[in-house]
Every structure is written in C-alpha cells, then in structure tokens.
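K.L.:
Predicted model and sequence below, questions to follow.
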Amino acid sequence: MCDAAGFMAYIRDFGSRRNHDINDLLNAAGIVNWGKDLSRSSIHTAAIIRQARKRGARVLTISPGGDDHHSFSDEHLRIRPGTDRHLAAAVIRLFAEKNLISPEILAHTKNADKFISLILSQSLEDLLATCEISVEKAKRVFEIYASHKPVATVVGGGLQRYRYGGENVRFINALALLSGNIGITGGGSYFQMHSYRNLNLNLIEHHRRKPRRSFPIPTIGKDLLAAKDPVVKIIWVNCMNVVNQAPDSRNIMRAFEGVDFKVVVDAFWNDTARQADLVLPAKLMLEQEDIIGSFLHEYVQFVTPVMEAPGSARDDYWILAEIGKRLDPPIVMPDKETCFRAVLDSSYLDTSLEKLHAQGCVRSNRPPVAYENLRFDHRDRKYRFPLVLHAEPLPPPEFPLRLLTLVRRKAQHSQILPEQQKQPPHVWVSPDCPALARLDLKKEIYLVSPRGQLKVSVHALPGLYPGAVLYRRGDWIHQGGGVNQLIDATLTDMGSGAAFYSQYVRLENA
C-alpha cells in the first residue's frame, strides 16, 4: 500500500510504464534481481525465473538479506538498505571507464552528457562505501550486465519504499539501458504495470474530472485532522485497511475519531473496521464474478466464483448499486453485464465477454518487447536520465537500526486471521547486530521509534544486514502488532508514496 515512487520513475524515464511480456524472462541469459523476495511475492514470476535458470540464465540477487534467495539465485550480494542507486551508479561508472557505453544508445537519450558527468564526479570508492559493497562484488554485477547478454532486470517493490525510492529505480533503469538491455528480447526492466490500462474505463472518466480534494494515503491522518472549509464529515473505506497499513497509524485513528460517520467495506474485522460506525461485509475475489487486470503481466482475466460468500457479504457492484437506488435523486447504475462489455471495448483487446468467459484470460495486443528500437514514449521519443544523486543519510545515534517491514509468505498485507497473528510480534536481526550485545533476551524487549514502542520477540537471522531489524508487516494493532504505529508519515521523492523503509528504530529492554 502507498507505493508510487517506482511507478512514477518509469513514467519519468521511459515516458510510460510498459514492461516486456513476463514470459520473455525465459530468453534472458542473465537476470539481476534488485530486492524482490521471490519466495514471498509474485509466485508466477518466481516460477518463470526458475525455468530461466534451468535453461542456463545466471541469476544474481541484490538485497539487504532476510529473503529466501537461495532457491532462486546463483549468487547473492548483500547491500546497505536504501542505497541501490549508488551501486547502480558505480556499475555505470565501470561501463563509462571502459568505454562500453554505446553512442548509439546515448543518441536515444536526453541530457546524456550531464548524466555521465554526474556519474564520473563520484568516485567508485565513495559510491561503494555508501552501499557497503566491495569493488570485487561491484565488478561481479558489472560482469553480468556486460557479459551475459541479454540481461533482464527485476526491480523489487521495496526499493521504492525509501525516501529516495524513485531515484533508486531510476538509476537501475539507467544501468539496464546503458548496458544495452532495454528494447531487446530477454532484456528489459521489470517492475509493476497495471493491465487495467488495457481496459476501457470511460465509464468513470467524467467522475475523475470533477474538482475534488484529495488526501495522499501516506499522510492521510494529519491531512484529515488539518482539513477545513469544509471539515470531513463522512469517511468511506473500501477494502483497504488504511489505519493499519498507512504510516503513523495512531494519528489516523485520532483523525477517524473526529469524523461524524465512518463506513468500512471489508471482509476482515481489522483495525480500520473497528473504527467504523457501519461495516458492510465484502465478498473476496474467489467469491464473486469480475474482470481484473494484473500488476505484472499483460493479461486480463475473468474471475469465476469458486465458493459461496458467507452470510450477508456482497460484492462492490451490489453495494454501490443498492446505495445508488436510495439516494435522492437516485443514481441508477448500468447492470453488471453492460459494465463488463464496456470495459472490454478497448483498442488493446481483441475479445468479447463470451470469449473471455470461455478462455478465462486474454492477452492485450501490446508488443511483447517494450521500447524496441529504443523509441520511448516521450514526445521526442528519448529516454530521460536522473540528474541528481542524493546521499543516503546515516542513522541517528539514538535510533541506529533501519526498520524493514517486509512482506509475509502466507498473507497479503493485513489480510490475516486473528489466530494466525503471534503475540508479541517477531522481529529478526543479524547475529552480528550490535543491539544484541545490549539486550537481555529473557526480559521484555521493545521496538522503539520517535512515534512510540511495540513489544516484540527478537530472533536471529543469518545473512541479514547488521544495521537492520526485520518485521513481517500486516499484523493488527488490536492484536498487539501494527508496526506502522512506529513509522513517520514521510513521502517518497516521487509519486507521493510512503517512505516506510526510511524509518530508524532501536531495540531495548523494558
């Protein structure tokens, strides 16, 4: 939730957000995975990468550790959290020093001279010191990009959750481009894309154009509290555990308490539902009929219910249609089949509702290789480089540990049954973490930030970056969890995303 920096980075660089077909990973000779935990997210991507390895692709994972990279990677490089842009810049510098950046590629870019000057103004030693990577290991990354053509770059969603999340992604994109791995089969830079863009959403376009206030989710608590002229009187939350999943959860709860009427549509009695005056039970994906897109491939899919929803749970369409009937004057929604046919009436799809229902899914007609011939989607068809490389701040002395709130294996964000939530929540640190020397593991331990504290159980995790503490996110506040209580409402550099991973904490005994 609250992720946008990486998405906007692709828009800035390429002019749009297009991916290669995910199956094109099978044509890669090398794959560099920047921080994606394939054992816990994108299981279909994980399956394709495993097939690519069997076909001979060399896979390198770059991460702070804490992920199960062993079954998906040939090599692992542990990096200081949040500094991926510095490693990418260091590898680009090696390409520049060896005169391996093609003038033909640069001809398809804008401000190339300024970008190369920026790279060369940073010494290799300083760049690598920032991310705590040796020259030898950086050269290994260089060797893969230079020698294992084509190379596919897979960018984990966590890279955008730092203060300079967009910048992290932009420098990785630049490395993929300058190494000659954009616009060719087997190459590409894979992040997220919405195949909802292949649907015709004109039904809602006129509503989007109406003037309205907006509150960024990462700062929703303080924005609601500050809202005046008029104040917010009604909150409608639709299948989003915003109290739990956005930063500064306690401030969000305070904001909700000051609003007259709150409606939550959800399937879980979570922290947001508990703030509601009215809860409308929602159907889950496998309990309803729908047409959906994806975040990682070009397929549009027809969802057929495989089980009955319990009790009085209803789908979003039914809820909104029934409310519309009760308004004065009433709003009559088109029937569901009409909506389905309308969204499929797209220049990017060659299908009908009957065909989609029979096949289950259909691929858009977009090309399988993005940006062939290095023609990008800016008006001048040229790629855009980042022209600033920000330093990564050191941790404050009183809060020396970077808090990494990574995904769980068996839950999607906060969709966790109460009985599956451990009390106190578990956190993990490296056996080399300096905090362990000051802790008595037999006494109560608290995870502490400037925003508060949370009782936790501490466990060792070999391979994790020593200056980090890992928390598997999603557990609920009223169940003793809710790590976002400890995280400041800070925006990322691009896209108004939440800088979850820029929070520093400490561990201490009671």
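P.N.:
Alright, I've got the coordinates.
K.L.:
give me phi/psi at G187?
P.N.:
phi -100, psi -140 (degrees, to the nearest 10).
K.L.:
Name the SS class of the closest residue to it other than its chain neighbours, please.
P.N.:
In this structure, G187 finds its nearest non-sequential neighbour in N181, 3.7 Å apart by CB to CB, 6 or more residues apart in numbering. Any C-beta I mention is one placed from the backbone N, CA and C, and that applies to glycine too. Per DSSP: H, G, I helix; E, B strand; the rest coil, the secondary structure class of N181 is coil.
K.L.:
Just give me the neighbour total for N181.
P.N.:
23 (other CB atoms under 10 Å).
K.L.:
so it touches S147, yeah?
P.N.:
No. In this structure, N181 is not within contact of S147 by CB atoms under 8 Å, at 11.8 Å.
K.L.:
which residues does E392 contact?
P.N.:
R80, G82, T83, H86, T130, C131, Y164 (CB atoms under 8 Å, 6 or more residues apart in numbering).
K.L.:
Any chance of a markdown table for the residues you listed, columns secondary structure and neighbour count?
P.N.:
As requested, those are arranged in a markdown table below (DSSP: H, G, I helix; E, B strand; the rest coil; neighbours: other CB atoms under 10 Å):
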| residue | secondary structure | neighbour count |
| --- | --- | --- |
| R80 | coil | 20 |
| G82 | coil | 25 |
| T83 | coil | 23 |
| H86 | helix | 26 |
| T130 | helix | 21 |
| C131 | helix | 24 |
| Y164 | coil | 27 |
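K.L.:
Adding distance to V407 and pLDDT, write those out as CSV.
P.N.:
Below are these laid out as CSV (distance: CB to CB, whole Å; pLDDT from 0 to 100):
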residue, distance to V407, pLDDT
R80, 20, 98
G82, 17, 97
T83, 21, 98
H86, 24, 98
T130, 26, 98
C131, 22, 97
Y164, 21, 97
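K.L.:
Now do Y196, the pLDDT please.
P.N.:
Y196 is assigned 77 on the pLDDT scale.
K.L.:
tell me the contacts of it?
P.N.:
I292, G293.
K.L.:
One more: I487?
P.N.:
Per CB under 8 Å, 6+ apart, neighbours of I487: P247, D248, L403, T405, S449, R451, A498, F500, Q503.
K.L.:
wait, which of those is closest to S347?
P.N.:
A498 (34.2 Å; CB to CB).
K.L.:
Tell me what that closest one is bridged to.
P.N.:
L491 (DSSP bridges).
K.L.:
so it touches D3, yeah?
P.N.:
Yes. At 7.4 Å, A498 counts as touching D3 under the criterion of CB under 8 Å.
K.L.:
More neighbours: which of those two?
P.N.:
Using other CB under 10 Å as the criterion, A498 and D3 rank with A498 on top: 30 against 19.
K.L.:
returning to that earlier point: how about the contacts of E392 in CSV, adding distance to N111?
P.N.:
Converted to CSV, the contacts of E392 look like this (distance: CB to CB, whole Å):
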residue, distance to N111
R80, 28
G82, 25
T83, 24
H86, 20
T130, 23
C131, 25
Y164, 19
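K.L.:
which of those lies closest to Y10?
P.N.:
Y164 (15.6 Å).
K.L.:
I79 versus the closest one, what's the distance?
P.N.:
14 Å (CB to CB, to the nearest Å).
K.L.:
Contact partners for the residue nearest to the spatial centre of the chain?
P.N.:
In the chain, the centroid-proximal residue (CA atoms, centre = their mean) is G157; its distance is 3.2 Å. Contacts for G157 (CB under 8 Å, 6+ apart) come out as D3, G6, K36, S41, F191, Q192.
K.L.:
among these, who's most crowded?
P.N.:
Going by other CB under 10 Å, G6 tops these with 28 neighbours.
K.L.:
Quick check: which element contains V169?
P.N.:
Assigned by DSSP states H and E, V169 belongs to helix 165-178.
K.L.:
Alpha carbons of that helix, as CSV, please.
P.N.:
Only the C-alpha atoms of helix 165-178 are listed here, as CSV (Å, rounded to 0.1, in the frame of the first residue of the first chain):
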residue,chain,number,x,y,z
GLY,A,165,12.7,5.3,-3.8
GLY,A,166,12.1,6.9,-7.2
GLU,A,167,15.8,7.7,-7.5
ASN,A,168,16.7,4.1,-6.7
VAL,A,169,14.6,2.8,-9.5
ARG,A,170,15.8,5.5,-12.0
PHE,A,171,19.5,4.6,-11.6
ILE,A,172,18.7,0.9,-12.0
ASN,A,173,16.7,1.8,-15.2
ALA,A,174,19.7,3.8,-16.4
LEU,A,175,22.0,0.8,-15.9
ALA,A,176,19.7,-1.5,-17.8
LEU,A,177,19.6,1.0,-20.7
LEU,A,178,23.3,1.8,-20.9
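K.L.:
Check which helices and strands that helix sits against.
P.N.:
helix 5-14, helix 84-97, strand 151-155, strand 189-190 (3 or more CB pairs under 8 Å, 6 or more residues apart in numbering; DSSP states H and E).
K.L.:
now that helix: mean pLDDT?
P.N.:
Here the average pLDDT along helix 165-178 is 97.
K.L.:
From here on, call the first residue 21.
P.N.:
In the new numbering, first residue 21, that becomes helix 185-198.
K.L.:
chain center to that helix, what's the gap?
P.N.:
15 Å (CA atoms, centre = their mean, to the nearest Å).
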